[in-house]
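Q: generate coordinates for the sequence data below:
(chains A and B)
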Amino acid sequence: MSPLILLRRIGFYGLLAAILFYTVFPFYWAVVSSLKSGSAIFRVEFLPSAPTLENYRALFAEQSFARNIANSLIVASLATAISLALAVTAAYALGRIRFRGRSAVLFAILSISMFPQIAVLSGLFELIRYFGLYNSLTGLVFSNLILTLPFTVWVLTAFVRELPRELEDSALMDGASSFKILIEIFLPLMAPALAATGLLAFILAWNEFLFALTFTLSNEQRTVPVAIALITGASAYELPWGRVMAASVIVTVPLIALVLILQRHIVSGLVAGAVKG
Amino acid sequence: MTARLSIAQQRARSAWAYLAPLLIALLFVAAWPLLRTIAFSFTDANLSDLTSWKFVGFANYVYLFQDPLWWRSVGNTLLFTLVSVALETLLGLIIALTINAHMPGRGLVRAAMLIPWAIPTVVSAKMWAWMLHDLYGVVNVLFMSIGLIGRPWAWLADPGLSMAAVVMVDVWKATPFMALLTLAALQTLSQDIYEAARVDGLGPVRSFFHITLPLIRPALLIAVIFRSLDALRIFDVIYVLTGNNENTATMSVYARQQLVDFQDVGFGSTAATCLFVIVAIITVIVITLGRVHVSASGGDR
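A: Numbers count the residues shown, from 1 in each chain, chains lettered A, B, ... in the order given. All right, here's what the predicted structure looks like:
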């Protein structure tokens, strides 16, 4: 190997190592910090000398973190399920049927996905109060739809449009109704796309902060992001950082696991959602 | 032929039936709340009782445009958007080019890159808040040990540093997204062009600027636009890291503070409406300029 090539190799792997360090270190540091308790957290040690699960215990024993996780799971799952259910038929119509007004509907959906959340905040607040949903999980499911619906419809429409035309032609000739075609031909083919889109929508709702912060009042109704943002210590000036990091690790590990398992689908889903958007 | 036409008509009618549930849902969660927010912006509504309010005309708008804190938040938003999106694009490009090289270990890096993306924004903000802690943060310790800074910096409290800190956190979180989109664009390029370029004696730097960049520019542009629209409405990173501090408060932070903390729904809605109008104008310009893309996805190919 010539010295020049060797030098380029070293440069390349140096860059690779720098990228890896940059992306992974903050998470690694959160894990390490979550395992330190008492005054150990204030010492910078890259491997904890006396690792302990005390922070994790305190999180569940001294505050309603289990409840917050359950809330997040319920809200994100329901918002995702409702969005997928509505998006399947809508994506079929937008992707496979030619009709007047289709571009207008697509335009509206794209515009809604660009809405700043704050722009609907006071209107949603009024609506949620009117229906008596303030400080309830139902209210959060409802408000999350503004994030998950446009996204799922957009990505699924892009997917459905790519399916070959012959699929429905023969069925149409046989006089099958379009609903039958949708259920029997398209739905099974959409399964992988539904899984990937569903996961991304779930992450959107799981991470949602502004609505959850504004539309809940008591800790029992809070979702995980709000609970983490509002963890406080004995006084306002000493935040229990170990506990905050433990909470961060707990909510992040399942997401990272899911994302790594499904990474191929996610990348293609992101590309469909953004590049075609 | 007539039978065929009626099938088409039938299908067109069924399309609206398929869309109806979605459109009704969007009416409730998006269209109506938006209209109400705009309506509230002309009133003196208060959060404690949204049912009784007076129409005040453009008074809120006049007051808003005279508030230096509002203009400060507009400036903060623009600065944040410009700097963070520029850095994310540049870093994303570098990372994508690195991963695109056919070397062992690229799968690992691609997986690692998904970590910042998968971490909830609030969590990443908290993780960084801890790393940037002025007394015990690992960033200060590391920077001091390599002699980059002489004494600990108060990253989040110092008015001269807090915006940089907020940008840093957003860059960490959003760069993977840019890198993945750039990588997707890079992977559509055929190797033949590069072979030809090599035969013609074009070096790697020149072939990047003359071949790669022009070819991926459309995809890059779309990614930049998406990130910019996202950055303009940024709320959670900034709220969690620096609260309502005027040095970093963006338009969304300003509007929420008026609306919720000060209970002034009328005035807060005015600020929110202004942000909406800004984002809407940019969106319309982008969609009109990129007409190709909407019709490419809306029509058949």
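Q: any idea how far B:Leu259 is from the residue nearest to A:Leu167 when sequence neighbours are not counted?
A: Leaving aside its sequence neighbours, A:Leu167 sits nearest to A:Ile185 (C-beta to C-beta, 6 or more residues apart in numbering or on different chains; 5.7 Å). No exception for glycine: its C-beta is placed from N, CA and C like everyone else's. Per C-beta to C-beta, to the nearest Å, A:Ile185 is found 48 Å from B:Leu259.
Q: which of the two has more residues huddled nearby?
A: Neighbour tally, A:Ile185 and B:Leu259, criterion other C-beta atoms under 10 Å in any protein chain shown: the higher count belongs to B:Leu259, 27 against 16.
Q: once you drop chain neighbours, what's closest to the more buried one?
A: Among residues not flanking B:Leu259 along the chain, B:Gly268 sits closest, at 2.8 Å (C-beta to C-beta, 6+ apart).
Q: buried set for stretch B:237-249?
A: Neighbour-count burial for stretch B:237-249 flags B:Val237, B:Ile238, B:Tyr239, B:Val240, B:Leu241, B:Thr242, B:Asn245, B:Asn247, B:Thr248, B:Ala249 (criterion: 16 or more other C-beta atoms under 10 Å in any protein chain shown).
Q: for stretch B:216-234, same thing?
A: B:216, B:219-220, B:222-234.
Q: mind checking which of the residues you listed land in helices?
A: Among the buried residues of stretch B:216-234, DSSP state H puts B:216, B:219-220, B:222-232 in helices.
Q: residues in contact with the residue of the stretch 1-150 of chain B found nearest chain A?
A: Going by C-beta to the nearest C-beta, chain A is nearest to B:Pro33 of the stretch 1-150 of chain B, at 2.9 Å. Contact analysis of B:Pro33 by C-beta atoms under 8 Å, 6 or more residues apart in numbering or on different chains lists A:Val120, A:Leu121, A:Ser122, A:Gly123, A:Leu124, A:Glu126, A:Leu127, A:Ile146.
Q: tell me the secondary structure for it?
A: When classified by DSSP: H, G, I helix; E, B strand; the rest coil, B:Pro33 comes out as helix.
Q: not counting its neighbours along the chain, what's nearest it?
A: Counting by C-beta to C-beta, 6+ apart, the residue nearest B:Pro33 is A:Gly123, at 2.9 Å.
Q: return the residues in contact with that neighbour.
A: B:Trp32, B:Pro33, B:Leu34, B:Leu35, B:Arg36, B:Thr37, B:Phe40.
Q: and which of those is nearest A:Arg57?
A: Comparing the contacts of A:Gly123 against A:Arg57 with C-beta to C-beta places B:Pro33 closest, at 41.5 Å.
Q: now the closest residue to chain B within chain A: phi and psi?
A: Relative to chain B, the nearest point of chain A is A:Gly123 (2.9 Å; C-beta to the nearest C-beta). Main-chain torsions, A:Gly123, degrees, to the nearest 10: phi -60, psi -40.
Q: neighbours around B:Pro204, how many?
A: 12.
Q: in chain B, spot the helix with the most residues.
A: Longest helix of chain B, by residue count under DSSP H: helix B:68-100.
Q: what mean pLDDT does the next helix or strand after it have?
A: Using DSSP states H and E, the helix or strand that follows helix B:68-100 towards the C-terminus is helix B:106-118. Helix B:106-118 comes out with an average pLDDT of 79.
Q: wait, B:Ala249 touches B:Phe235, no?
A: No: using C-beta atoms under 8 Å, B:Ala249 is not in contact with B:Phe235; the gap is 10.1 Å.
Q: before we move on, the earlier item: near chain A, from the ones in helices among the buried residues of stretch B:216-234?
A: B:Ala219, B:Ile222, B:Ala223, B:Phe226, B:Leu229, B:Leu232 (C-beta under 8 Å from any C-beta of the partner chain).
Q: and the helix or strand where B:Ala20 lies, what does it pack against?
A: Counting by DSSP H and E, the element that carries B:Ala20 is helix B:2-26. Judged by 3 or more C-beta pairs under 8 Å, 6 or more residues apart in numbering or on different chains; DSSP states H and E, helix B:2-26 is in contact with helix A:65-96, helix A:102-114, helix A:137-162, helix A:178-181.
Q: thinking again about what came up before, so what's the residue nearest to A:Leu167 up against?
A: Listed by C-beta under 8 Å, 6+ apart, the contact partners of A:Ile185 are A:Leu167, A:Glu168, A:Ala171.
Q: only whichever of those are buried, select them in PyMOL.
A: A single PyMOL command selects the buried members of the contacts of A:Ile185 (16+ other C-beta under 10 Å):
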select buried, chain A and resi 168+171
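Q: now the contacts of A:Ile185 as TSV including secondary structure and pLDDT?
A: Shown next, in TSV, are the contacts of A:Ile185 (DSSP: H, G, I helix; E, B strand; the rest coil; pLDDT from 0 to 100):
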residue	secondary structure	pLDDT
A:Leu167	helix	75
A:Glu168	helix	77
A:Ala171	helix	76
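Q: with respect to B:Ala179, which of the contacts of A:Ile185 is nearest?
A: Among these, A:Leu167 lies closest to B:Ala179 (C-beta to C-beta), at 35.1 Å.
Q: that older thread, now do the buried residues in the longest helix of chain B.
A: Within helix B:68-100, the residues that count as buried by 16+ other C-beta under 10 Å are B:70, B:72-74, B:76-77, B:80-81, B:83-85, B:87-89, B:91-100.
Q: list, out of the residues you listed, those positioned next to chain A.
A: B:Ile94, B:Ile95, B:Thr98.
Q: now, which of these sits nearest A:Thr232?
A: For these, the residue nearest A:Thr232 by C-beta to C-beta is B:Ile95; the value is 36.8 Å.
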